[in-house]
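Q: got a predicted structure here, sequence first:
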Amino acid sequence: MISNFIFILLLLWGIPSTFFRSKFRKIVYQTEDWKINIKPVFIKELKGLFFNIFPEDDAYIKVRNQYRIYLMVYLLLFIIYILIK
């Protein structure tokens, strides 16, 4: 029962992932082109997530921190689901 609840919560939490990732990638790759969302480029994105590649850009720092929190909660839900299952 609880594993089903966590699974549904995990699915619902995953819905806004495209919004957060798109916003973050557009800042990191400095583009407004929608095709950045489907390109398989990850190196700069990972550097931007774990390091501070644009220290003067307040929008980047704000979006990066929001995306980090979102991903931490997602990871926590996933770990809970795996442990309960």
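A: Looks like it arrived, so ask away. What you see is a predicted model, and the numbers here were worked out from it, not measured in a lab.
Q: what's the pLDDT at I38?
A: We have a pLDDT of 82 for I38.
Q: got it, and I84?
A: At I84, pLDDT is 88.
Q: can you pull the contacts of it?
A: 2-3, 6 (CB atoms under 8 Å, 6 or more residues apart in numbering). Just so you know, the C-beta spots here come from the backbone N, C-alpha and C atoms, and that holds for glycine as well.
Q: mind checking the longest helix of the chain?
A: If you go by DSSP state H, the chain has its longest helix at helix 58-84.
Q: mind listing what's buried in it?
A: Within helix 58-84, the residues that count as buried by 16 or more other CB atoms under 10 Å are 60, 63-64, 67, 70, 77, 81.
Q: still on that earlier bit, top of the contacts of I84 by neighbour count?
A: The most crowded member of those, judged by other CB atoms under 10 Å, is I6 (18 neighbours).
Q: surely it meets I82?
A: No - the pair I6 / I82 is not scored as a contact, 9.5 Å apart, by CB atoms under 8 Å.
Q: give me the below-cutoff pLDDT ranges for the chain.
A: Applying pLDDT under 70 to the chain picks out no residues at all.
Q: mind checking the SS state of the residue nearest to R25 when sequence neighbours are not counted?
A: Leaving aside its sequence neighbours, R25 sits nearest to I36 (CB to CB, 6 or more residues apart in numbering; 5.1 Å). Put simply, I36 is helix when judged by DSSP: H, G, I helix; E, B strand; the rest coil.
Q: can you check the one 4 residues further on too?
A: At P40, secondary structure determined by three-state DSSP is coil.
Q: list the contacts of stretch 36-55.
A: Contacts of stretch 36-55 (CB under 8 Å, 6+ apart): 18, 21-22, 24-29, 60-61, 64, 67-68, 71.
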